[in-house]
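1. From the sequence below, what's the structure:
(chains A and B)
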Amino acid sequence: DQQVKQNSPSLSVQEGRISILNCDYTNSMFDYFLWYKKYPAEGPTFLISISSIKDKNEDGRFTVFLNKSAKHLSLHIVPSQPGDSAVYFCAASLSGSARQLTFGSGTQLTVLP
Amino acid sequence: EAEVAQSPRYKITEKSQAVAFWCDPISGHATLYWYRQILGQGPELLVQFQDESVVDDSQLPKDRFSAERLKGVDSTLKIQPAELGDSAMYLCATRASGYGYTFGSGTRLTVV
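-> Residues are numbered from 1 along each chain as shown, chains lettered A, B, ... in the order given. This is a model prediction of the structure:
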């Protein structure tokens, strides 16, 4: 049972335009959500996160939106740059000391120059 | 910036052989995780340590996988015997507090 789903395996966007990556989850007990970026042959690097008590968090070109009623979050990148081309993973965590992350399957973003 | 060190970066091994991966966490990070990422999928938790103690190894295939974190610092993940389906990237991550994970660069394992 996949608790965190990224239904789009790939996305191509023109440089300068907006990239929107989507993520759905099934476990209503998740209380914290994160986005990671991963280049080939490297480990994931943290990008941005959001607590379940918020519906938006912004950091520079990156904004994450959370819709708890729909169990849906999205990552917006504006403007997209060729260096943003990578695999983006959505992750969710339950409260408590374990803080284990449950990851989605990732979306390969390609930003075309 | 502090990093999580993993070695080797790449490993090719024949099936039925033994293989081991090493992780050196950021100093002071008490919580350490080993994740496995199969190509095209997201990382999946194998084992979690708090200091030297195993907190969760429910997803670790214990018939062939073992993990240890002696003295609560660096950690080793071992597979014996390796199978073709074990080909994946093995990621170590550590956490001091809160939700902030730091991942290492991973070990890409290919079993032939």
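2. What helix or strand is the residue lying closest to A:Ala86 once chain neighbours are set aside located in?
-> Excluding the flanking residues, the one nearest A:Ala86 by Cβ to Cβ, 6 or more residues apart in numbering or on different chains is A:Lys37, at 4.8 Å. C-betas here are computed from N, CA, C, even on glycine. Using DSSP states H and E, A:Lys37 sits within strand A:30-38.
3. For B:Gly85, which three-state class applies?
-> Under DSSP: H, G, I helix; E, B strand; the rest coil, the three-state class of B:Gly85 is helix.
4. residues near it, how many?
-> 10 (other Cβ atoms under 10 Å in any protein chain shown).
5. So for A:Gly43, what's the pLDDT?
-> On pLDDT, A:Gly43 comes in at 92.
6. Over to A:Gln3?
-> pLDDT at A:Gln3 comes out at 93.
7. wait, it sits on A:Tyr25?
-> Yes - applying Cβ atoms under 8 Å, one finds A:Gln3 in contact with A:Tyr25, separated by 6.1 Å.
8. any common contacting residues for those two?
-> Counting by Cβ atoms under 8 Å, 6 or more residues apart in numbering or on different chains, the contacts common to A:Gln3 and A:Tyr25 are A:Ala92.
9. So those two - more neighbours on which side?
-> A:Tyr25 (23 against 15).
10. What residues does chain A have near chain B?
-> Listed as neighbours of chain B in chain A under the rule Cβ under 8 Å from any Cβ of the partner chain: A:4, A:6, A:9, A:32, A:34, A:36, A:41-46, A:49, A:89, A:91, A:93, A:97-101, A:103-106.
11. same thing but 7 Å
-> Contact residues (Cβ under 7 Å from any Cβ of the partner chain) of chain A with chain B: A:32, A:34, A:41-44, A:46, A:49, A:89, A:93, A:98-101, A:103-106.
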